[in-house]
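Chemist: just need the structure, nothing else, for what follows:
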Amino acid sequence: MTKKNKQSFLKGAMILTLAAFISKAMGLVYRILLTRLIGQEGIGLYQMAYPIYTTILVISRSGIPVAISKLVAEKVAENNKMSAHKIFSIARRISFILGLCFTAILMLSADFFARNLLRDPRAFYSILAIAPAVFFVSIMASYRGFFQGLQTMVPTAVSQVVEQLVRMSTMLLLAYLLLTRGVEFAAAGAAFGAVTGAIAGLTVLLYIYNRRKEEINEFSLSGPGDNLSMTKVISRITSLAVPVTLGALVLPLMQFVDATLIPWRLQVAGFSVGEATGLYGNFAGMAMVLVNFPTVITVSLAASLVPAISEAFALERKRLIKHRTQAALRITLFISLPAAVGLFILATPISQMLFAIPEAGIPLQYVSWGVIFVCLQQTSSSILQGIGKPGIPARNLFIGAAVNATMNFFLTANPMLGIRGAALATASGFFIAAILNLLAIARLIGYRYNYRDMLIKPILAVVLMAIAVTTGYSQGIEILTRNTVITLGAVFLGAVVYISTLLFSGAVKEADIKLIPKIGDRLAEFLMRIGLVRG
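Modeler: Next up is the predicted model:
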């Protein structure tokens, strides 16, 4: 890869990372506002529909953009642009047909899912409302794959942000307008936001595509062409898309199993249908949203980690692979440890501050430790993908999902545990997946973990942070009795203590800072200059 191409790649990765961060931040904001609007039972009904939607969506489109971008990029590199556009055209038709079929399947089976799997007939409206989004997102995936194959990331990034913005606006507006008709209709209105968001995102891509119509027409007529048949193109797309889809299917299937198991087993434990739905809303719609938010940073890390590890692997530089692996895992622990401890200590105050539902702090406190393992699972998966072993993290996540489902079945039905059992099961599932990934890394690259640098110093910093947060919150609440102010103050105090301890103990190295996308080099240079970071 030339220096120019490498810079172009990194720039594209940063554009997508920034768009993903903005979308994730907006997602947290609308989830907070939506929960305050429709309550725990409403968010439970909304959350029941979502795993079914995402599972079917993964089947209908997950591998398509990856396959298109790879095949288009290959043909462009061969200067065979005519075939590149032909691949996109065929893939667009496939996406149209698949999207239409799976939307119809989801709409026709909505009542079956609601009554027999989710065990709350009211979820029917949310499933029905979200179903058309599958069609529009499937078509949108083909356009994103085409632009990414041309290494033009701006259309994808802009469409992601617009999609989330429209989705957020629609969700809140329809939920507010329909709330008077019942919480099930408010939840359905919120679910319909996925449809308007997808239409908006697709409209942006169509606008950009049509604005470049003349350029694209010229592009599609250039190059020799190689008489690609539709059968051959479909075969190539399928061979690339199916493995990606199978890997991407594990996590939404895990969430789908949760959506079917948790309300059912809560009812077995003695809760009514409404109570079980509300408790599931506390867990999936609030606690898990907070657990997943720190992964914004690990996803950004993965964006730079996969090519960095891949480059070292291609050059057969084993020492460099180990060095980058060490740095990536250290940063992951630096981020996830304080996030987990902070959510554990302040579970109820944070739930009250964000959602106005302190009861959500019960599952949050138990699942908070899952932050560490979710982040480690993501980073370790990226390392394994970088050394050409993408099947291993998918298999390990599947094993973790099986552990989660088994524990959910037994623990959630225990009246003494209830929703706590679901939280423990989820944390345990990600723990298994992360540990299996880390063992695979050690075996495949001969890596020996440096526990002193990776764990002892960060744990010391976390212990001091925990003392500061606990003391700060307990003292502050006695003086002001204003939960939001005291909670934010405790979080800020904890962050200052934690970061200061890491820097002064020498836990943070120059290489760790340099892994931060975009600003890493300059930040490392500054911290080295003032003596807070060592080489």
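Chemist: my read is that Pro415 contacts Ala269, right?
Modeler: Yes. Here Pro415 lies in contact with Ala269, judged by Cβ atoms under 8 Å, at a distance of 4.7 Å. For glycine as for every other residue, the C-beta is placed from the backbone atoms N, C-alpha and C.
Chemist: just want to know which of these two has more residues nearby.
Modeler: Higher neighbour count among Pro415 and Ala269: Ala269, with 20 against 11, using other Cβ atoms under 10 Å.
Chemist: measure the more buried one to Val183 for me?
Modeler: 22 Å (Cβ to Cβ, to the nearest Å).
Chemist: what's the answer for Val166, then?
Modeler: Relative to Val183, and taking Cβ to Cβ, Val166 is found at 23 Å.
Chemist: and the strands in the stretch 101-250 of the chain?
Modeler: According to DSSP state E, counting those that start in this stretch, the stretch 101-250 of the chain carries no segments that qualify as strands.
Chemist: what about the nearest residue to Met286 once chain neighbours are set aside, how many neighbours?
Modeler: If you skip the residues right next to it in sequence, Met286 has Ala360 as its closest partner in space, 4.0 Å away by Cβ to Cβ, 6 or more residues apart in numbering. Ala360 is flanked by 29 other residues according to other Cβ under 10 Å.
Chemist: just the pLDDT for Ala360.
Modeler: According to the model's per-residue confidence, Ala360 sits at a pLDDT of 95.
Chemist: next: the one 3 residues further on.
Modeler: The predicted local distance difference test score for Pro363 is 97.
Chemist: residues contacting the helix or strand harbouring it, please?
Modeler: Taking DSSP states H and E as the criterion, Pro363 maps to helix 361-367. By Cβ atoms under 8 Å, 6 or more residues apart in numbering, the residues outside helix 361-367 that reach it are 279, 282-283, 286-288, 290-291, 343-344, 347-352, 419-420, 422-424, 426-427.
Chemist: equivalent analysis for stretch 407-420, please.
Modeler: 257-258, 261-262, 265-266, 268-271, 279-280, 282-283, 362-363, 366, 421-422, 424-426, 428-429.
Chemist: ditto for stretch 386-406
Modeler: Identification of contacts with stretch 386-406 by Cβ under 8 Å, 6+ apart yields 243, 246-247, 250-251, 253-254, 257-258, 261, 305-310, 312-313, 321, 377, 380-381, 384-385, 425-426, 428-434, 436-437, 440, 444-445.
Chemist: ok, the closest residue to Ser380 other than its chain neighbours - contacts?
Modeler: Nearest in space to Ser380, with sequence neighbours left out and distances taken as Cβ to Cβ, 6+ apart, is Asn437 at 3.6 Å. Shown in contact with Asn437 (Cβ under 8 Å, 6+ apart): 376-377, 380-381, 383-384, 392-393, 396.
Chemist: buried residues of the host helix or strand of Ala394, list them for me.
Modeler: Take DSSP H and E as the rule and Ala394 turns out to sit in helix 391-411. Using 16 or more other Cβ atoms under 10 Å as the test for burial, helix 391-411 gives 392-398, 400-401, 403-405, 407-409, 411.
Chemist: what's the most distant pair in the contacts of Asn437?
Modeler: Of all pairs drawn from those, the widest gap by Cβ to Cβ lies between Leu376 and Ile392 and measures 14.4 Å.
Chemist: same question for stretch 35-43, mean pLDDT?
Modeler: Averaged across stretch 35-43, the pLDDT comes to 94.
Chemist: give me the low-pLDDT residue ranges for the stretch 151-300 of the chain?
Modeler: Residue ranges of the stretch 151-300 of the chain with pLDDT under 70: 151, 218-228, 244, 299-300.
Chemist: let's see that with 80 instead.
Modeler: Judged against pLDDT under 80, the low-scoring parts of the stretch 151-300 of the chain cover residues 151-153, 213-234, 236-248, 295-300.
Chemist: where along it do the helices fall?
Modeler: 154-178, 183-211, 213-220, 230-268, 273-280, 288-292, 295-314 (DSSP state H, counting those that start in this stretch).
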